[in-house]
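1. build the 3D model from these lines:
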Amino acid sequence: MSPFLIGFVIVLVVVILIIIANIKIVPQANAFVIERFGVYYTTWHTGIHMKVPFMDRIARRVSLKEQVVDFEPQSVITRDNVSMQIDTVVYYQITDSKLYAYGVERPIMAIETLCATTLRNIIGELELDNTLTSRDKINERIREILDEATDAWGIKVKRVELKNILPPREIQIAMEKQMKAERERRARILDAEGEKTSQILVAEGHKEAAILRAEAIKETKIREAQGEAEAIIAVQTAFADSLRMLNEAAPSDRVIALKSLETFAQVADGRATKIIIPSELQSMSGLATVLKELVIDGNVDNTPRQKKDGAAPALGTGIPKVQARAAVPQAAPAQGGNIGTGFASNPMLNQTLNAQNDLRARAQAALNNNAPRS
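-> Modelled structure (predicted):
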């Protein structure tokens, strides 16, 4: 083989190796910043790219993924002069590889410094309690300030979080005591509210029970009154019907007298100390008075009187000195053992008539004994 051929092969191999060495593959979510003769030329994105040998170079390899950086705790002072340590976490993403490569030297350090100064400014306007309870507001303000400042660096700040807020030990002890006291106060308030609610519910229950009992008593009395009213109306209606039927029947005086005697018998059956005597029996009192004056007092005129026809005077024709106060009616028994007035037989009336007949017989016997013998 000639030396020329050997040299050509060598040159060809070298060229192939150079070409292969200048073929570059950009991975996903990455970008390469290319310079030509030291000046920014272009940005390679995902895919295969060919670099011109000895002219182009990769100035910076940039990751386009969202990244997170945890900064060291920063010493800050609140508005009420409480010193504390706060460390932050920043989530960012590179949106412009050229600005990121040429915008600022050491961009992460720049973001950390900017975050620390912004955090001191924000915390200096807040008191300790507001600092502990306003994390979301602090995070949002820091993010807005950092995002505005890093736009010129090709960086997009996605999120900022306060990782830890560490007040001094004395402040922590005081906060723990305050938290304990606050919890005890809330517990007492909850107990008092529960007791209050319980008493209110019990009182409302008693009230509703009393109202229901009163309504039940009211309903009972109303129904009882309605029942009594209906009973009275029914009785009066029945009595009115009986009177109407009695009037329609047109009873005689004898029937009315019989009903009065039956009523008298019912009255005499009771335990009353007063007795009402019907008019039919008033003749008994007159008869008793005459017999007392004739028999007991002896007020009898035994002088015989001549009859116009010369006949002997009959027994018992003497005129008593004291006139009878009441006429004694003669009640002859009717046929069938009934009273001559046509009334139906009644035990009390029969007993009264028997007593009257007995007294009449005794009076006649007394007159016979007192008459002069001829």
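
2. tell me which helix or strand of this structure sits lowest on mean pLDDT?
-> Every helix and strand in the chain was compared by mean pLDDT, DSSP states H and E; the lowest is helix 282-291, with a mean of 53.

3. can you count the residues close to the residue lying closest to Asp70 once chain neighbours are set aside?
-> Excluding the flanking residues, the one nearest Asp70 by Cβ to Cβ, 6 or more residues apart in numbering is Val89, at 5.2 Å. Heads up, the C-betas are built off the backbone N, CA and C, glycines and all. Neighbours of Val89 under the rule other Cβ atoms under 10 Å: 16.

4. for Ala110, same thing?
-> By other Cβ under 10 Å, the burial measure for Ala110, its neighbour count, is 16.

5. for the helix or strand hosting it, packing partners?
-> Using DSSP states H and E, Ala110 sits within helix 107-124. Other helices and strands packing on helix 107-124, by 3 or more Cβ pairs under 8 Å, 6 or more residues apart in numbering; DSSP states H and E, are strand 66-70, strand 74-77, strand 83-94, helix 135-150, strand 155-166.

6. is it possible to export these to JSON lines including mean pLDDT?
-> Listed next are the helices and strands packed on helix 107-124 as JSON lines, based on pLDDT from 0 to 100:
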{"stretch": "strand 66-70", "mean pLDDT": "92"}
{"stretch": "strand 74-77", "mean pLDDT": "89"}
{"stretch": "strand 83-94", "mean pLDDT": "92"}
{"stretch": "helix 135-150", "mean pLDDT": "91"}
{"stretch": "strand 155-166", "mean pLDDT": "90"}
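
7. next one: the nearest residue to Gln28 once chain neighbours are set aside from Phe32, what distance?
-> Using Cβ to Cβ, 6+ apart and skipping residues adjacent in sequence, the residue nearest Gln28 is Thr46, 5.3 Å away. According to Cβ to Cβ, to the nearest Å, Thr46 and Phe32 sit 10 Å apart.

8. next, format the helices and strands packed on helix 107-124 as CSV and append distance to Pro27.
-> Below are the helices and strands packed on helix 107-124 laid out as CSV (distance: least, Cβ to Cβ, whole Å):
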stretch, distance to Pro27
strand 66-70, 16
strand 74-77, 35
strand 83-94, 15
helix 135-150, 24
strand 155-166, 20
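
9. list the contacts of Glu140.
-> By Cβ atoms under 8 Å, 6 or more residues apart in numbering, the contact set of Glu140 is empty.

10. on that earlier part again, what is the burial count for the residue nearest to Gln28?
-> Residues contacting Thr46 under the criterion other Cβ under 10 Å number 13.

11. also Leu128?
-> Using other Cβ under 10 Å, Leu128 has 19 other residues around it.

12. in stretch 146-162, what's buried?
-> 146-147, 149-150, 153-157, 160-162 (16 or more other Cβ atoms under 10 Å).
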